[in-house]
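Trainee: Sequence below, structure please.
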Amino acid sequence: MTDPTPAAPTRPRRLRTIVVTVGVTLIVVLVAGDSLKSAASGLWHAVFGDDQAAEGDGHTYYTCGMHPWVVLPHPGLCPICQMDLEPIDPSKFEAEITIDPVVTQNMGVRVADVERAPLTRTLRSVGTVDYDETRVRDVNLKVAGWLEKVDVDYLGAPVKAGDPLFDIYSPELFSAQEEYLAALRRGTSDFAAAARTRLEFFDVSKSEIDALAKRGEPQKAMTIASPWDGVVVEKHANAGARVEPGTMLYRIADMSKVWVMVSLYEYQLPYVSEGQAAVMSLPYFPGQEFEGRVIYIYPTLDVRTREVKARVEFDNTAGLLKPGMFANIEIRATLARDRVMVPREAVIDTGTRQVAFVSLGEGRFEPRDVRLGVEGESGRVEVLDGLKAGEKVVVSGQFLLDSEARIREGLAKMIRGDLASEQVATAASAGATELSALPDAAAKALGELLEAYFVIQNRLAGDATEGVAEAAATIASAVDALLATPIPDHPHFWHQHEEVATVRGEALELVKGPAIADARLAFADLSIALSKLVRATGVPPALSVEVQELHCPMYREDQGGTSWLQPAGAVRNPYYGSQMLECFDERAAIPRTGAPSDPTGDAAGGTP
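Mentor: Okay, here's the model as predicted:
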């Protein structure tokens, strides 16, 4: 008689089922990241016990070459294909990556040095050639009369000092000649000197007066000469014309030097100062450059174009530069003499973090979080933290290394992970602040801004938009108060942190009362900008709560996720609300203003 009860599965079959389940879970963890870490760790504990799970450091794990998702803590056969399991290289569990040099060459990995170099930046703008106003002079008459002859009779005529300009008949001038000759005939030196001085005051040249004394007779028309070198840029002298005292007959400009009026945008002003070198090129003279210097920055701004004018002076001895010409201007600014610099392509920017890969030699690479400063010229960028001079960074092929690093990081977290329920949430410090102190007005405004921000974060986490517009209006007003407060010892602080404009702009979008989906999008952009700003200023000491930055890997997943700020405590995700209220994978504490960095904290993972 046949027993209807099916036979119990054999031990290999049970082990096969367990390992396949574990393997599939681990692969999902590799894809999903920290959000499933505790689930994988819990399953590992349940299957193999605490002792084997705790052996992570220094323990050898084994996998199947045909089925790499099979990972076991002991040697044996693959439960799927019955092939021998191979030991996993312990370096697979470390952040450091080791790649065969031949493979590195095939991947096209190139490295560059991390150097200490001057931080320079070139500003490019346009300008218009103009006269040097300090070299423009007028020729006026001091007597009334009639122009008998005009020697310089067209605009643009070049003149030298002493060249005749025109002949004028003036009864007053004729009388002055007679007085001078009479004084000479009487032999009264005092009267002769006074009469001669009178002629000189009428702009009669010394050579004309000497010729008059030698001739002994007055002349109907006297010649007036140019007192300066230059070019005639205005002319009001015509033969036969009657003129009165004060009439401007010529305007003469010395064009041996010219000005170029350059337009600068507001964000460029911190990098421009008087005395800086400038280089000008013109399309009319291809391949030729003119060197000059900034001599003046105008104190007013054009409210329509948001531009400020700067005056740049150039030599024009060859006469190539004509007023009215359009020119391209480059102003080269040295922002710092000695900074750590790397090529811009060496840094992978995810939007919330920047990563560079350091080459350790012999095919070994280490991913490094970096903090960037100002971007200079020649495609180089300042590194504030994370790299030091003398190291080598990868500038080509780093995206392949980044993929490998993420896989190894996920594998290490699976094998060595502890149960999330046993983890104590701590937050690493986000680093030192740029400012050592905030003015009272700025600290008050920043505190009001953060409190209003927390209101919006709380409302969105509760799937509601009531009160969001009012809190957003408070944020915009607080930003205005911040911008109105100068920072001691940092006069260009607000210019250097353009994210403050983003905070204000996104707050004004929220004031319009958008639907909750659009409100969350605007809040995400606001949060990224505010995080960058508060990392620079620090949290005001008077704020009673610890401010933490948390990262959600699921929202805007195609951009690497996004972050938000909230007070320390229970996680309240504003992007998913009740759907995934506790979804996060990283958190960091924003330091108080002036606080040093704290390298001892560990970022806490989270489970949605």
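
Trainee: CA atoms for contacts and neighbours, from now on please.
Mentor: Noted.

Trainee: show me where the stretch 351-500 of the chain has strands.
Mentor: Along the stretch 351-500 of the chain, counting by DSSP state E, counting those that start in this stretch, strands occupy 354-361, 364-375, 380-385, 392-396, 428-429.

Trainee: Turn those strands into a markdown table, including mean neighbour count and distance to residue 132.
Mentor: Below are those laid out as a markdown table (neighbours: other Cα atoms under 10 Å; distance: least, Cα to Cα, whole Å):
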| stretch | mean neighbour count | distance to residue 132 |
| --- | --- | --- |
| strand 354-361 | 20 | 48 |
| strand 364-375 | 18 | 35 |
| strand 380-385 | 19 | 37 |
| strand 392-396 | 22 | 48 |
| strand 428-429 | 22 | 56 |
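
Trainee: Show me what whichever strand or helix holds residue 249 packs onto, helices and strands only.
Mentor: In this assignment (DSSP states H and E), residue 249 forms part of strand 248-253. The helices and strands touching strand 248-253, judged by 3 or more Cα pairs under 8 Å, 6 or more residues apart in numbering; DSSP states H and E, are strand 136-140, strand 230-235.

Trainee: Wait, a helix at residue 565?
Mentor: No - looking at residue 565 with DSSP: H, G, I helix; E, B strand; the rest coil, it is strand, so not inside a helix.

Trainee: pLDDT of stretch 495-506, averaged?
Mentor: Mean per-residue pLDDT for stretch 495-506: 91.

Trainee: pull the CA atoms of it into CSV?
Mentor: Once non-C-alpha atoms are left out, stretch 495-506 reads as follows in CSV (Å, rounded to 0.1, in the frame of the first residue of the first chain):
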residue,chain,number,x,y,z
HIS,A,495,28.1,86.8,-3.9
GLN,A,496,30.1,83.5,-3.6
HIS,A,497,27.0,81.5,-2.5
GLU,A,498,24.6,81.8,-5.4
GLU,A,499,22.5,79.1,-3.8
VAL,A,500,20.8,81.7,-1.6
ALA,A,501,19.1,83.0,-4.8
THR,A,502,17.8,79.5,-5.5
VAL,A,503,16.4,79.2,-2.0
ARG,A,504,14.5,82.5,-2.5
GLY,A,505,13.3,81.6,-6.0
GLU,A,506,11.9,78.1,-5.0
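
Trainee: Can you give the contact residues for it?
Mentor: 267, 270, 475-476, 479, 494, 522-523, 525-527, 529-530, 532-533 (Cα atoms under 8 Å, 6 or more residues apart in numbering).

Trainee: Sort out for me which of these are in helices.
Mentor: Under the assignment DSSP state H, the contacts of stretch 495-506 contribute 475-476, 479, 494, 522-523, 525-527, 529-530, 532-533 to helices.

Trainee: okay, the angle between the strand holding residue 249 and strand 230-235?
Mentor: 140 degrees (axes from the mean of the first three to the mean of the last three Cα atoms, to 10 degrees).

Trainee: Run me through the strand neighbours of strand 248-253, direction for each.
Mentor: strand 136-140 (antiparallel), strand 230-235 (antiparallel) (DSSP bridges).

Trainee: That one: what's the following helix or strand?
Mentor: Proceeding N to C from strand 248-253, the next assigned helix or strand is strand 257-265, under DSSP H and E.

Trainee: In that next one, which of the residues would be classed as buried?
Mentor: Neighbour counts over strand 257-265 (16 or more other Cα atoms under 10 Å) mark 257-264 as buried.

Trainee: okay, the residues you listed in a markdown table with distance to residue 540 and pLDDT next?
Mentor: Below are the buried residues of strand 257-265 laid out as a markdown table (distance: Cα to Cα, whole Å; pLDDT from 0 to 100):
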| residue | distance to residue 540 | pLDDT |
| --- | --- | --- |
| 257 | 53 | 93 |
| 258 | 51 | 95 |
| 259 | 47 | 95 |
| 260 | 46 | 95 |
| 261 | 43 | 95 |
| 262 | 40 | 94 |
| 263 | 38 | 92 |
| 264 | 34 | 92 |
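
Trainee: can those go into TSV with extra columns for distance to residue 333?
Mentor: Shown next, in TSV, are those (distance: Cα to Cα, whole Å):
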residue	distance to residue 333
257	23
258	22
259	20
260	18
261	18
262	15
263	16
264	14
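
Trainee: And residue 589, how far from residue 275?
Mentor: 43 Å (Cα to Cα, to the nearest Å).

Trainee: Any of the contacts of stretch 495-506 buried? List them.
Mentor: Taking 16+ other Cα under 10 Å as the criterion, what is buried in these is 475-476, 479, 494, 522-523, 525-527, 529-530, 532-533.

Trainee: related to what we said a few turns ago, closest one to residue 488 among the helices and strands packed on strand 248-253?
Mentor: Closest to residue 488 of the helices and strands packed on strand 248-253, according to Cα to Cα: strand 136-140, at 42.2 Å.
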